[in-house]
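Trainee: only geometry, no sequence info:
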DNA sequence: CCGGTGATGTTC
DNA sequence: AACATCACCGGG
(Lines give C-alpha, C1' and ligand atoms only; values in the text may rest on other atoms or scores of the structure.)
Protein backbone atom coordinates (compact mmCIF):
# COMPACT_ATOMS: atom_id res chain seq x y z
CA UNK A 1 0.00 0.00 0.00
CA UNK A 2 1.43 3.32 -1.07
CA UNK A 3 0.30 6.40 0.78
CA UNK A 4 0.35 9.80 -0.89
CA UNK A 5 0.24 11.68 2.37
CA UNK A 6 -0.43 15.40 2.46
CA UNK A 7 2.89 17.25 2.50
CA UNK A 8 4.00 20.48 4.10
CA UNK A 9 2.77 22.22 0.93
CA UNK A 10 -0.81 21.45 1.95
CA UNK A 11 -0.39 22.63 5.52
CA UNK A 12 1.44 25.80 4.46
CA UNK A 13 -0.98 26.81 1.74
CA UNK A 14 -4.17 27.18 3.79
CA UNK A 15 -5.05 29.62 6.50
CA UNK A 16 -6.62 28.02 9.57
CA UNK A 17 -10.26 28.30 8.54
CA UNK A 18 -9.67 27.08 5.00
CA UNK A 19 -7.57 24.22 6.33
CA UNK A 20 -10.42 23.18 8.62
CA UNK A 21 -12.62 22.95 5.52
CA UNK A 22 -9.95 21.40 3.30
CA UNK A 23 -9.39 18.58 5.80
CA UNK A 24 -13.00 17.44 5.44
CA UNK A 25 -13.10 14.32 3.28
CA UNK A 26 -9.42 13.60 3.82
CA UNK A 27 -8.42 10.34 5.52
CA UNK A 28 -6.56 10.26 8.82
CA UNK A 29 -4.28 7.21 9.01
CA UNK A 30 -2.36 5.71 11.95
CA UNK A 31 0.01 2.98 10.85
CA UNK A 32 0.77 1.65 14.33
CA UNK A 33 2.67 -1.46 15.50
CA UNK A 34 -0.70 -2.97 16.46
CA UNK A 35 -2.10 -2.46 12.99
CA UNK A 36 -3.43 0.19 10.70
CA UNK A 37 -6.55 2.23 11.33
CA UNK A 38 -8.04 5.07 9.36
CA UNK A 39 -11.11 7.21 8.97
CA UNK A 40 -12.45 10.02 6.81
CA UNK A 41 -12.49 13.38 8.55
CA UNK A 42 -16.10 14.54 8.75
CA UNK A 43 -16.04 17.28 11.41
CA UNK A 44 -13.46 19.93 12.35
CA UNK A 45 -13.16 23.15 14.32
CA UNK A 46 -10.80 26.10 13.77
CA UNK A 47 -8.96 27.81 16.65
CA UNK A 48 -7.36 31.15 15.84
CA UNK A 49 -4.78 33.29 17.58
CA UNK A 50 -7.21 36.14 18.32
CA UNK A 51 -9.93 33.75 19.47
CA UNK A 52 -10.52 33.53 23.24
CA UNK A 53 -11.34 29.82 23.02
CA UNK A 54 -7.92 29.06 21.52
CA UNK A 55 -5.43 27.48 23.93
CA UNK A 56 -2.77 29.80 22.54
CA UNK A 57 -4.86 32.96 23.04
CA UNK A 58 -2.54 35.31 24.93
CA UNK A 59 -0.57 32.28 26.11
CA UNK A 60 2.73 30.66 25.34
CA UNK A 61 3.12 27.78 27.80
CA UNK A 62 4.61 24.28 27.72
CA UNK A 63 1.23 22.86 26.73
CA UNK A 64 0.55 25.28 23.89
CA UNK A 65 4.07 25.33 22.49
CA UNK A 66 3.31 22.84 19.67
CA UNK A 67 0.60 25.20 18.40
CA UNK A 68 3.33 27.71 17.59
CA UNK A 69 5.26 25.17 15.51
CA UNK A 70 5.32 24.65 11.76
CA UNK A 71 2.05 23.98 9.96
CA UNK A 72 1.42 20.23 9.98
CA UNK A 73 2.67 19.82 13.53
CA UNK A 74 0.62 17.45 15.73
CA UNK A 75 -0.93 18.95 18.87
CA UNK A 76 -2.47 16.49 21.36
CA UNK A 77 -3.74 17.70 24.71
CA UNK A 78 -5.37 16.19 27.81
CA UNK A 79 -8.89 17.22 28.71
CA UNK A 80 -11.29 16.39 31.55
CA UNK A 81 -8.81 14.08 33.21
CA UNK A 82 -9.44 11.08 30.99
CA UNK A 83 -9.52 12.17 27.36
CA UNK A 84 -7.18 13.53 24.74
CA UNK A 85 -7.90 15.55 21.61
CA UNK A 86 -6.07 15.69 18.28
CA UNK A 87 -5.29 18.94 16.45
CA UNK A 88 -3.51 19.84 13.22
CA UNK A 89 -1.34 22.91 13.73
CA UNK A 90 -1.98 25.56 11.09
CA UNK A 91 -0.64 28.94 10.02
CA UNK A 92 3.05 29.73 10.06
CA UNK A 93 5.49 29.07 12.90
CA UNK A 94 5.13 31.63 15.65
CA UNK A 95 1.35 31.91 15.28
CA UNK A 96 -0.58 29.64 17.65
CA UNK A 97 -3.44 28.26 15.59
CA UNK A 98 -4.82 24.76 14.98
CA UNK A 99 -7.70 22.66 13.71
CA UNK A 100 -9.41 20.22 16.08
CA UNK A 101 -10.40 16.90 14.49
CA UNK A 102 -13.83 16.23 15.99
CA UNK A 103 -15.13 13.15 14.15
CA UNK A 104 -14.24 10.50 11.59
CA UNK A 105 -16.10 7.97 9.54
CA UNK A 106 -14.17 4.76 10.38
CA UNK A 107 -12.70 3.15 7.26
CA UNK A 108 -9.88 0.70 8.01
CA UNK A 109 -8.92 -1.41 11.00
CA UNK A 110 -12.42 -1.52 12.46
CA UNK A 111 -11.65 -4.55 14.64
CA UNK A 112 -8.61 -2.85 16.12
CA UNK A 113 -10.68 0.26 16.79
CA UNK A 114 -13.27 -1.81 18.64
CA UNK A 115 -10.54 -3.52 20.67
CA UNK A 116 -8.93 -0.23 21.66
CA UNK A 117 -12.26 1.27 22.71
CA UNK A 118 -13.13 -1.80 24.78
CA UNK A 119 -9.77 -1.61 26.50
CA UNK A 120 -10.40 2.06 27.30
CA UNK A 121 -13.82 1.19 28.67
CA UNK A 122 -12.60 -1.56 30.96
CA UNK A 123 -9.96 0.80 32.30
CA UNK A 124 -12.61 3.45 32.98
CA UNK A 125 -14.86 0.79 34.56
CA UNK A 126 -17.65 1.48 32.13
CA UNK A 127 -20.12 -1.33 31.68
CA UNK A 128 -19.69 -3.33 28.49
CA UNK A 129 -22.20 -2.46 25.86
CA UNK A 130 -22.40 -3.32 22.20
CA UNK A 131 -20.38 -0.68 20.40
CA UNK A 132 -21.62 0.42 17.04
CA UNK A 133 -18.99 0.93 14.36
CA UNK A 134 -20.40 4.34 13.39
CA UNK A 135 -19.88 5.51 17.01
CA UNK A 136 -16.20 4.52 17.21
CA UNK A 137 -14.93 7.95 16.11
CA UNK A 138 -17.99 10.15 16.70
CA UNK A 139 -16.21 12.58 19.02
CA UNK A 140 -12.74 14.04 19.52
CA UNK A 141 -11.95 11.90 22.59
CA UNK A 142 -13.33 8.74 21.04
CA UNK A 143 -11.45 9.02 17.76
CA UNK A 144 -8.17 9.44 19.62
CA UNK A 145 -8.86 6.20 21.53
CA UNK A 146 -9.99 4.25 18.46
CA UNK A 147 -7.03 5.40 16.39
CA UNK A 148 -4.46 4.63 19.12
CA UNK A 149 -3.29 8.25 19.21
CA UNK A 150 -1.73 9.64 22.40
CA UNK A 151 0.00 12.68 23.70
CA UNK A 152 3.02 10.60 24.69
CA UNK A 153 3.37 9.14 21.19
CA UNK A 154 2.35 12.02 18.95
CA UNK A 155 2.26 15.44 20.58
CA UNK A 156 4.66 17.86 18.90
CA UNK A 157 5.37 15.38 16.11
CA UNK A 158 4.37 16.09 12.52
CA UNK A 159 1.84 14.78 10.02
CA UNK A 160 4.43 15.15 7.26
CA UNK A 161 6.58 12.29 8.65
CA UNK A 162 6.01 9.32 10.93
CA UNK A 163 3.18 6.88 11.58
CA UNK A 164 0.31 9.39 11.84
CA UNK A 165 -0.62 11.22 8.66
CA UNK A 166 -3.40 12.43 6.41
CA UNK A 167 -4.10 11.50 2.79
CA UNK A 168 -6.03 13.64 0.30
CA UNK A 169 -9.79 13.80 0.00
CA UNK A 170 -11.41 10.43 -0.57
CA UNK A 171 -14.84 11.92 -1.24
CA UNK A 172 -15.86 15.12 -2.94
CA UNK A 173 -18.85 17.14 -4.03
CA UNK A 174 -20.28 17.33 -0.52
CA UNK A 175 -21.90 20.33 1.17
CA UNK A 176 -20.31 21.75 4.30
CA UNK A 177 -22.43 22.89 7.23
CA UNK A 178 -20.90 25.72 9.28
CA UNK A 179 -21.98 26.22 12.91
CA UNK A 180 -20.65 27.54 16.19
CA UNK A 181 -18.25 25.34 18.14
CA UNK A 182 -19.08 22.74 20.79
CA UNK A 183 -18.44 22.72 24.54
CA UNK A 184 -16.96 26.20 24.91
CA UNK A 185 -17.60 28.96 27.43
CA UNK A 186 -15.96 31.69 25.34
CA UNK A 187 -15.89 32.29 21.62
CA UNK A 188 -19.29 30.63 21.39
CA UNK A 189 -20.51 33.04 18.73
CA UNK A 190 -17.78 32.28 16.17
CA UNK A 191 -18.84 30.10 13.20
CA UNK A 192 -15.71 27.95 13.16
CA UNK A 193 -17.18 24.44 13.13
CA UNK A 194 -17.33 22.55 9.84
CA UNK A 195 -19.26 19.36 9.17
CA UNK A 196 -19.77 17.27 6.06
CA UNK A 197 -23.49 17.23 5.40
CA UNK A 198 -24.73 13.81 6.27
CA UNK A 199 -26.18 12.73 2.92
CA UNK A 200 -22.71 12.81 1.39
CA UNK A 201 -21.60 9.95 3.66
CA UNK A 202 -24.16 7.41 2.55
CA UNK A 203 -22.30 5.68 -0.23
C1' DC B 1 -29.48 16.28 32.69
C1' DC B 2 -25.07 15.57 35.46
C1' DG B 3 -20.74 13.81 37.57
C1' DG B 4 -16.03 11.52 37.01
C1' DT B 5 -11.39 12.65 36.36
C1' DG B 6 -6.48 14.75 36.40
C1' DA B 7 -3.40 17.81 33.68
C1' DT B 8 -2.66 22.63 33.04
C1' DG B 9 -2.60 27.43 33.86
C1' DT B 10 -3.28 31.24 37.10
C1' DT B 11 -3.14 33.43 41.35
C1' DC B 12 -1.59 33.79 45.93
C1' DA C 1 0.35 25.60 47.37
C1' DA C 2 -4.12 26.09 46.48
C1' DC C 3 -7.72 27.02 43.17
C1' DA C 4 -10.34 27.19 38.81
C1' DT C 5 -10.92 25.56 34.34
C1' DC C 6 -11.78 22.65 30.94
C1' DA C 7 -12.05 21.95 22.52
C1' DC C 8 -15.42 14.99 26.69
C1' DC C 9 -18.07 10.78 27.55
C1' DG C 10 -21.44 7.75 29.30
C1' DG C 11 -25.37 6.63 32.09
C1' DG C 12 -30.11 7.88 33.15
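Mentor: Everything's here; your move. Not measured: the values here are computed from a predicted model. Numbering: from 1, shown residues only, chains lettered A, B, ... in the order given.

Trainee: going by C-alpha atoms from here, please, whenever you check contacts or count neighbours.
Mentor: Fine.

Trainee: and the lengthiest helix in chain A, what does it pack against?
Mentor: Longest helix in chain A by number of residues, with DSSP state H as the criterion: helix A:110-123. Where contact means 3 or more Cα pairs under 8 Å, 6 or more residues apart in numbering; DSSP states H and E, helix A:110-123 is packed against strand A:35-47, helix A:140-147.

Trainee: cutoff 7 Å now
Mentor: Counting contacts by 3 or more Cα pairs under 7 Å, 6 or more residues apart in numbering; DSSP states H and E, helix A:110-123 packs against helix A:140-147.

Trainee: gap between the helix or strand just after the helix it packs on and the chain center?
Mentor: From helix A:140-147 onward toward the C-terminus, using DSSP states H and E, the following helix or strand is helix A:151-154. Distance of helix A:151-154 from its chain centroid, counting by Cα atoms, centre = their mean, to the nearest Å, is 14 Å.

Trainee: ok, residues contacting helix A:151-154?
Mentor: Contacts with helix A:151-154, where a contact means Cα atoms under 7 Å, 6 or more residues apart in numbering, come from A:74, A:76-77.

Trainee: any idea of the pLDDT on the spatially closest residue to residue A:185 that is not a sequence neighbour?
Mentor: Nearest residue to residue A:185, sequence neighbours excluded (Cα to Cα, 6 or more residues apart in numbering): residue A:53, at 7.7 Å. Residue A:53 carries a pLDDT value of 98.

Trainee: give me every residue that touches the spatially most central residue of chain A.
Mentor: Nearest to the mean C-alpha position of chain A, by Cα atoms, centre = their mean, lies residue A:101 at 2.4 Å. By Cα under 7 Å, 6+ apart, the contact set of residue A:101 is A:43-45, A:86-87, A:140.
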